[in-house]
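**Q** Below are the sequence and a predicted model for it; my questions follow.
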Amino acid sequence: MWRYIAQRFLVSIPVIMMVGIITFTLVYVGPGDPAAIIGGDEATPEILARIRHDLGFDRPYIVQMGDWFLKLLRGDLGTSFFSGREITELITPRLQPTLSLGFQVVLLSTIIGISAGMLAAWKAGTRLDKYLMIFAVLGFATPGFWLAFLTIWVFAVNLGWFPVIGYKPIQDGLIPHLHSMFLPVMVNSILASAFISRITRSAMLEVLREDYIRTARAKGASEFSVFLRHAFRPSAIPVVTVIGATIAGLATGFVLTETIFAIPGLGRMLVDAIVRRDYPIIQALLMVVATVLIGVNLIVDILYAYIDPRIRY
Amino acid sequence: MAEVLLKVKNLSTLFRTEGGVVQAVDNVSFEVRAGETFALVGESGCGKSVTALSIMRLIPTPPGEITSGTVEFEGVDLLQLPGREMRAIRGSKIGMIFQEPMSSLNPVLTIQSQLAEPLKIHMNLSSSAANDRAEELVNMVGIPDAKTRLQQYPHQLSGGQRQRIMIAMAMSCAPRLLIADEATTALDVTIQAQILDLMQDVTEQSGASLLIITHNLGIVARYADRVAVMYAGKLREVSDATDMYAVPQHPYTVGLLRSVPRLDSDRGAPLTPIAGEIPDLTDLPDGCAFNPRCQWAVDRCFVEDPELEEISPGKQVACFEHASVALNV
């Protein structure tokens, strides 16, 4: 098992390197000249050249990339063009809202998704099953931004139960924090759990047809034990895969969510950086997101091996 | 005569499929006596497995449904029991072994946890007591190095070993009846014999009855005390095993025996397969379902379906022409 984990871990290093090369190159060849933005409208060609020289943009591509990688290794994400501050310093306060949102959504959608899916499989073919699955189809057919605006309009504007905007950090207390995050967490969780529940249901129903389920019943196991002990774990592989994919989807979805709900997280920071062509921030954030996703993949791979003892790559 | 342990009477089970209603088990009656080995024989799809699953009430419903009959086990009709009491019988008083050793064990649970499960359910053993007992069971079914095996998963064992584990599991609570549903079909011939010998040993030691479901007449000849031959959902002949081989009285039994090679026949003597093919169960012929393939069939066979009747002590046949069949063999 440890050997397998170490193996998966080592494999992710070249993947991160590749992501770094692609990220750097995309931004390097992308349109827009940061020197022109920094220099403003009245900058003369000489001033622009000097800005480029100061920022190191007149050096060859390979040298710039090598320089960027070396700094990354030291944990230095670079300096913002715009504010001139260290990016690590800029990112730190932005981490909490995004991580909190992500954690709540993953936790909630996993719990809701798996329980709804198992309930539907347990009651397969009944009315309850049909209603649950209608909700699930509606859930993943609904565009996130539309649902976001709808909930704001109903629960924040009309009913006034939740703030329209106004993020409260955990330092202000857990309850106010959860209250201020309620709508974005709900919107994302509904969408994500819809998909998880459908996959859970179909995986469970497939496993319930297996011979070893019949063996379990022939042993005298109760239906409850057949469901939880014998059927759930073998059907967890596709479910874990989908939860992993959900987290990947959230990483991009947060750009939208944080913008709509005015949450000062990494997603908003990325949008702002793109608008200002603050290249070092874009590069740094893409690297952070990519690393998180590779980490999620690593965890999913390890979970596979834990769930199914036959899996050893 | 030993007392009757299992008495199946007028059992009918059907499946509602898209192609129509399949009467998989049609008015089947037989008895298994205490301590005997009873074989249920027939081709694939004749309803023998469905009969076994009906006894255990493991028919998936829907599409399956037991429509009539009684299954008396130790004097109690299993079909009338509430689910909870039926579960208390499964795995404790009746053990069952299935055909596919590859897929009949849960791939994600250790052998130990699967073996200990019935002990915990039915005998209220603590985990450590159940685990100790599981080790004894693995030794009993002749798998070496029990301690290591218990910690392993099914995919780390061979097919024969897995079937031994299935036997250990089915026998763990000392059942009165062991049902082996094609338990050796998927195994090599040499392993088949080992597994069957093991099943016979463990049931003989505990005095349990053994219900073997098979299409293999060799197994029947070697292990069974009594035999029931099944065709298209109905029993056609029930008899002592030795009698059946000596004087088969149903044309289908004759056909089955003729299609098996015998050591005492002349060298080069041809085998005679049964002409025609198994009828479509959704569209059975009128009268006796075997009539399209029967060389003895008379007019009556095409309009009337013969019932199983006792023609001599211990011998039941469902054929109007059984007397001429017996003479002709």
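**A** Arrived safely, thanks for sending. Numbers count the residues shown, from 1 in each chain, chains lettered A, B, ... in the order given.

**Q** So residue A:230 is in contact with residue A:216, correct?
**A** Yes - Residue A:230 is within contact range of residue A:216, at 4.4 Å (criterion: C-beta atoms under 8 Å). No exception for glycine: its C-beta is placed from N, CA and C like everyone else's.

**Q** Those two: who's more crowded?
**A** Neighbours per residue, other C-beta atoms under 10 Å in any protein chain shown: of residue A:230 and residue A:216, the larger number sits with residue A:216, 28 against 24.

**Q** re the thing from before, between residue A:230 and residue A:216, which contacts overlap?
**A** residue B:106 (C-beta atoms under 8 Å, 6 or more residues apart in numbering or on different chains).

**Q** any chance you could map the helices in the chain?
**A** With no chain named, the answer covers chain A. A:2-29, A:34-39, A:45-55, A:61-73, A:87-122, A:127-141, A:144-151, A:174-208, A:211-218, A:223-225, A:236-260, A:266-276, A:279-307 (DSSP state H).

**Q** that answer is for a different chain, and I need it for chain B
**A** Assignment of helices within chain B using DSSP H yields the ranges B:48-56, B:83-89, B:111-123, B:127-140, B:146-151, B:159-171, B:189-206, B:217-223, B:241-246, B:251-258, B:322-328.

**Q** Can you name every helix or strand that the fourth one contacts?
**A** Yep, that's helix B:127-140 we're talking about. helix B:111-123, helix B:146-151, helix B:159-171 (3 or more C-beta pairs under 8 Å, 6 or more residues apart in numbering or on different chains; DSSP states H and E).

**Q** Run the angle between that helix and helix B:111-123 for me.
**A** Helix B:127-140 runs at 110 degrees relative to helix B:111-123, counting by axes from the mean of the first three to the mean of the last three C-alpha atoms, to 10 degrees.

**Q** Identify each buried residue in helix B:127-140, please.
**A** Within helix B:127-140, the residues scored as buried using 16 or more other C-beta atoms under 10 Å in any protein chain shown are B:130, B:131, B:133, B:134, B:135, B:137, B:138, B:140.

**Q** Please name every helix or strand in contact with the helix or strand of chain A with the lowest mean pLDDT.
**A** Among the helices and strands of chain A, helix A:34-39 carries the lowest confidence by mean pLDDT, DSSP states H and E, at a mean of 72. Packing partners of helix A:34-39 (3+ C-beta pairs under 8 Å, 6+ apart): helix A:45-55.

**Q** Which neighbouring elements make contact with the helix it packs on?
**A** Partner elements for helix A:45-55 (3+ C-beta pairs under 8 Å, 6+ apart): helix A:34-39.

**Q** now what about the helix it packs on, what contacts it?
**A** Taking C-beta under 8 Å, 6+ apart as the rule, helix A:34-39 contacts A:43, A:47-48, A:51-52, A:55, A:57, A:81-82, A:276-279.

**Q** can you check stretch B:129-148 too?
**A** Contacts for stretch B:129-148 (C-beta under 8 Å, 6+ apart): B:111-112, B:115-116, B:119-120, B:123, B:125, B:149-150, B:161, B:164-165, B:167-169, B:171-172, B:198, B:202.

**Q** By mean pLDDT, show me the worst of the helices of chain A.
**A** When the helices of chain A are ranked by mean pLDDT, helix A:34-39 comes last with a mean of 72.

**Q** tell me which residues in that helix are buried?
**A** A:34, A:35, A:38, A:39.

**Q** Closest to chain B out of those residues?
**A** residue A:34 (53.9 Å; C-beta to the nearest C-beta).

**Q** how much space between that closest one and residue A:94?
**A** 21 Å (C-beta to C-beta, to the nearest Å).

**Q** Just checking stretch B:14-22 against chain A, any contact.
**A** No - judged by C-beta under 8 Å from any C-beta of the partner chain, stretch B:14-22 and chain A are separated, with a smallest distance of 13.7 Å.

**Q** quick one: terminal-to-terminal distance for that stretch?
**A** End-to-end distance for stretch B:14-22, by C-alpha to C-alpha, to the nearest Å: 5 Å.

**Q** just stretch B:67-81 next, same as before
**A** 15 Å.

**Q** Pull out the buried positions in it.
**A** So, applying 16+ other C-beta under 10 Å, buried residues of stretch B:67-81: B:69, B:71, B:72, B:73, B:74, B:78, B:79, B:81.

**Q** How far away from the center of its chain is it?
**A** 18 Å (C-alpha atoms, centre = their mean, to the nearest Å).

**Q** List the contacts of it.
**A** B:5-14, B:27-29, B:54-55, B:57, B:66, B:86, B:89, B:93-94, B:176-177.

**Q** burial measure for the residue of the stretch 1-150 of chain B found nearest chain A, as a count.
**A** At 3.6 Å from chain A, residue B:91 is the closest residue in the stretch 1-150 of chain B, using C-beta to the nearest C-beta. Using other C-beta under 10 Å, residue B:91 has 27 neighbouring residues.
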